[in-house]
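K.L.:
Got a predicted structure here, sequence first:
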Amino acid sequence: MKIEYFEEEGELWFSCEENFYMPTRAHKEFRRVYRSSGKIPKKILDQGEGVIKEYAKKKVRVAIEKQKVEAKKHEKFAENPDFPVSVEYEGKTLKGIIFSAQDNNLRVRLEEPDQGEHLTTFNVGFIFNGLASFSKSAIREAQKLLIRIYEEKKHYKQHKEVIDLAERLNKS
């Protein structure tokens, strides 16, 4: 972890970036970037280069450690968010949950009035809106998935005999 120093408007600043590679099924090159920067106070400047370096090092370590703790909480939530979602469709309330948001996949389970699961690939930056919450676009996408699951289940029920016959014919 290399700390860079720079001048801005006559003041000394520090900046540091740490890349943590964490390949996923969806992205081999996925990485999380932790960043820290700040201004060196005058009272630290007056104490010399050694104190400046220790000050910046401590500030970076504390800030990045805090970001890592938050990232762990975020990952834990993404593993099993159990986040309720519902939508009105054709006079029915479709109820379900977002049950996973890992590897850029938003996974949704329809629980009422039928059961089923579906997923969509999503840009991870657009899935979350803070810790333990999903963005409006992710929730809209989950609602669309509930409708898709419902429609697939309804279609299967309406055409079950023909679908089952096709499957049996394909197996023989």
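P.N.:
On my side now, so go ahead. What you are looking at is a predicted structure, and each value in this text was computed from that prediction instead of being measured.
K.L.:
State which helix of the protein is the longest.
P.N.:
helix 49-79 (DSSP state H).
K.L.:
and that one, what's its mean pLDDT?
P.N.:
Helix 49-79 shows a mean pLDDT of 90.
K.L.:
What helices and strands are in contact with whichever helix or strand comes after that helix?
P.N.:
Next along the chain after helix 49-79, taking DSSP states H and E as the criterion, comes strand 83-89. Counting contacts by 3 or more CB pairs under 8 Å, 6 or more residues apart in numbering; DSSP states H and E, strand 83-89 packs against strand 92-100, helix 136-158. Any C-beta I mention is one placed from the backbone N, CA and C, and that applies to glycine too.
K.L.:
partners of the shortest one in the sheet?
P.N.:
Partners of strand 92-100 in the sheet, by DSSP bridges, are strand 83-89 (antiparallel), strand 105-112 (antiparallel).
K.L.:
And the contacts of the lengthiest strand in the chain?
P.N.:
Assignment by DSSP state E gives strand 11-21 as the longest strand of the chain. For strand 11-21, the surrounding residues in contact (CB atoms under 8 Å, 6 or more residues apart in numbering) are 1-7, 29-40, 45, 52, 56, 59-60, 64.
K.L.:
from these, which ones fall inside helices?
P.N.:
Those of these lying in helices (DSSP H): L45, I52, A56, K59, V60, I64.
K.L.:
Closest to K154 out of those residues?
P.N.:
Nearest to K154, judged by CB to CB, of these is I64 at 50.1 Å.
K.L.:
ok, now which ones touch that closest one?
P.N.:
The neighbours of I64, taking CB under 8 Å, 6+ apart as the test, are M1, C16, E18, Y34, R35, S36.
K.L.:
Quick check: it vs R109, distance?
P.N.:
36 Å (CB to CB, to the nearest Å).
K.L.:
Pick the most buried one from the strands paired with strand 92-100.
P.N.:
Of all the strands paired with strand 92-100, strand 105-112 has the most neighbours on average by mean count of other CB atoms under 10 Å, namely a mean of 20.
K.L.:
can you give me the angle that strand makes with helix 136-158?
P.N.:
Calculated by axes from the mean of the first three to the mean of the last three CA atoms, to 10 degrees, strand 105-112 forms an angle of 50 degrees with helix 136-158.
K.L.:
what angle separates strand 105-112 from helix 49-79?
P.N.:
Angle between the axes of strand 105-112 and helix 49-79 is 30 degrees (criterion: the same axes, to 10 degrees).
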